[in-house]
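Q: using only what follows, build the 3D model:
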Amino acid sequence: MSLLLRGGYVVTQNPRREVLRGDVLVRDGRVAAVGAVNETADVVIDCADCAVLPGLINTHHHVANTLLRGVADDVPLEAMLERSFAIDAKLTRRDVQMGALLGCVEMLKSGTTSFHDLFYWEDEVARGVRESGIRGFLSWVVLDEAFTTQHGSPLKNAERFIGKLKGDELVTPSVGLQGVYVCSEATYAGARELAEREGVGLHTHLSETRVEVYNHRTKTGLRPVEWLEKIGFLCDRLVAAHCVWVTLNEVRTLARHGVKVSHCPTSNMKLASGGVAPLPEMFEAGVTVSLGTDSPISNNGMDMFQEMKVAALLHKSSRWDASVLPAQKALDLATIDGARALAAEDRLGSIEVGKAADLAILDLRRAHATPFNRDNVIRHLVYACRGSDVRTVLVGGRVVVDGGSVTTVDEGAVVDRVQEIARELYGVGG
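A: Model prediction:
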């Protein structure tokens, strides 16, 4: 099947970062032509007054926690975890699947076409991925058996998950680790060995709070990044979420080992992590940085347009420099740099011939985005536009959002079921 996206502002995110007034031809799930396309297609989508951009990529998430949205607001991380763990222990596999499906719907409707998750029961999250049509880079979380609620060995569970899902069209499995506070040296070594043996990625929390860093230094004599380097865990397979409390030497260490960082500014601010991840120094050192929303518990939403804006404004404010993290770089973090973080830049993150047709069409003819033109569209995407402006979304050339509504599932039925689950879990009223 072929589709022609006709007459939009095409935000290519190619190496020249071109914005074209033109068309995108999609054939057999891939981008077949970009620019002035002098042919027709099975389906033609009018993109006048619209931006056509690569689907956004969310590189740190716990999507099933949509079930816990709003249960731990206005408290620090430690209190949030205490509240969430109490409810988390009650979850069934079906609960996880429905929570994940709701989150996938929310992401697709706001232009996100790929996300990187960290959870247990990722096989249930995978069901939500397939049903909704989004791409899921799913990391089965591993931690010491003394701390887990999983049945059996978390590492063995991760191994089985990878074996089951490897090669799936929409799901890319990997190994996750909760963090240094619940993972021993043996657990980290086992996770890296599994990832290398299976040829998959690694995903962990790292230096999110000052308490985490100071407690680990008290326990081991080393800060988390220093300790992970010492035990031989750091490598280019790793996406490390947060990295708020890192020193300049630690930034250089991350760069030296090719570690990627997922920056989660909204979550870090809401939980009062107290610091700001040193992105300018990471850029200078050559660290690949991308954007994540983190959990719906600590962010509440999954709108990557909001995340781009928050990231840009946070760093301008904290550095007293309006030129820090300009709009183009913020968009890079949510597209091509996200693809690089997930080792998928050869097929995702930009609109180029041969890449997967993961695309979002966003309506610029809105009061908050007017006046618009080719020169200001990048800045509008970061500073003015919202996820609710997204009109159409394609994943692998398949239309999964049309007219602002998902085409793959009954959104109303999903919302109703999750509301029922929430009442059962913690007594949410009508």
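
Q: next, count neighbours for residue 427.
A: The tally of other residues near residue 427 (other C-beta atoms under 10 Å) stands at 7. Just so you know, the C-beta spots here come from the backbone N, C-alpha and C atoms, and that holds for glycine as well.

Q: please shift the residue numbers so they start at 57 in all later answers.
A: Okay, residue one is now 57; in that scheme the one you just asked about reads as residue 483.

Q: quick one: it from residue 310, how far?
A: As judged by C-beta to C-beta, to the nearest Å, residue 483 and residue 310 stand 43 Å apart.

Q: before we move on, what about residue 249?
A: Separation of residue 249 from residue 310 (C-beta to C-beta) stands at 21 Å.

Q: between these two, which one's more packed in?
A: Per other C-beta under 10 Å, whichever of residue 249 and residue 310 has more neighbours is residue 310, with 26 against 12.

Q: element containing that one?
A: Applying DSSP states H and E as the criterion places residue 310 in helix 304-312.

Q: quick one: contacts for residue 109?
A: For residue 109, the contact set (C-beta atoms under 8 Å, 6 or more residues apart in numbering) comprises 67, 69, 167, 391, 407, 415, 416, 418, 437.

Q: looking at those residues, which is nearest residue 79?
A: Residue 79 lies nearest to residue 407 out of the contacts of residue 109, by C-beta to C-beta, at 10.9 Å.

Q: without its sequence neighbours, what residue ends up closest to that closest one?
A: Excluding its sequence neighbours, the residue lying closest to residue 407 (C-beta to C-beta, 6 or more residues apart in numbering) is residue 68, at 4.6 Å.

Q: residue boundaries of the strands in the stretch 307-456 of the chain?
A: In the stretch 307-456 of the chain, the strands defined using DSSP state E, counting those that start in this stretch lie at 316-319, 345-347, 415-419, 446-451, 454-458.

Q: check which residues of the helix or strand hosting residue 82 are buried.
A: For residue 82, the element it lies in under DSSP H and E is strand 75-83. Within strand 75-83, the residues scored as buried using 16 or more other C-beta atoms under 10 Å are 75, 76, 78, 79, 80, 81, 82, 83.

Q: repeat for stretch 287-295
A: Buried residues in stretch 287-295, counted by 16+ other C-beta under 10 Å: 289, 290, 293, 294, 295.

Q: burial count for residue 134?
A: Residue 134, neighbours per other C-beta under 10 Å, totals 11.

Q: apart from its chain neighbours, what residue comes closest to it?
A: In this structure, residue 134 finds its nearest non-sequential neighbour in residue 267, 6.9 Å apart by C-beta to C-beta, 6+ apart.

Q: what pLDDT does the one you found get?
A: We have a pLDDT of 92 for residue 267.

Q: next one: the strand or helix carrying it to chain centre, how far?
A: Using DSSP H and E, residue 267 sits in helix 266-276. On the basis of C-alpha atoms, centre = their mean, to the nearest Å, helix 266-276 sits 27 Å off its chain's mean C-alpha point.

Q: elements contacting it?
A: Using 3 or more C-beta pairs under 8 Å, 6 or more residues apart in numbering; DSSP states H and E, the elements in contact with helix 266-276 are helix 280-286.

Q: between the buried residues of stretch 287-295, which sits nearest residue 443?
A: residue 295 (22.8 Å).

Q: hang on, the earlier thing: can I get the contacts of residue 109 in CSV with neighbour count?
A: Below are the contacts of residue 109 laid out as CSV (neighbours: other C-beta atoms under 10 Å):
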residue, neighbour count
67, 24
69, 24
167, 30
391, 28
407, 24
415, 28
416, 28
418, 29
437, 28
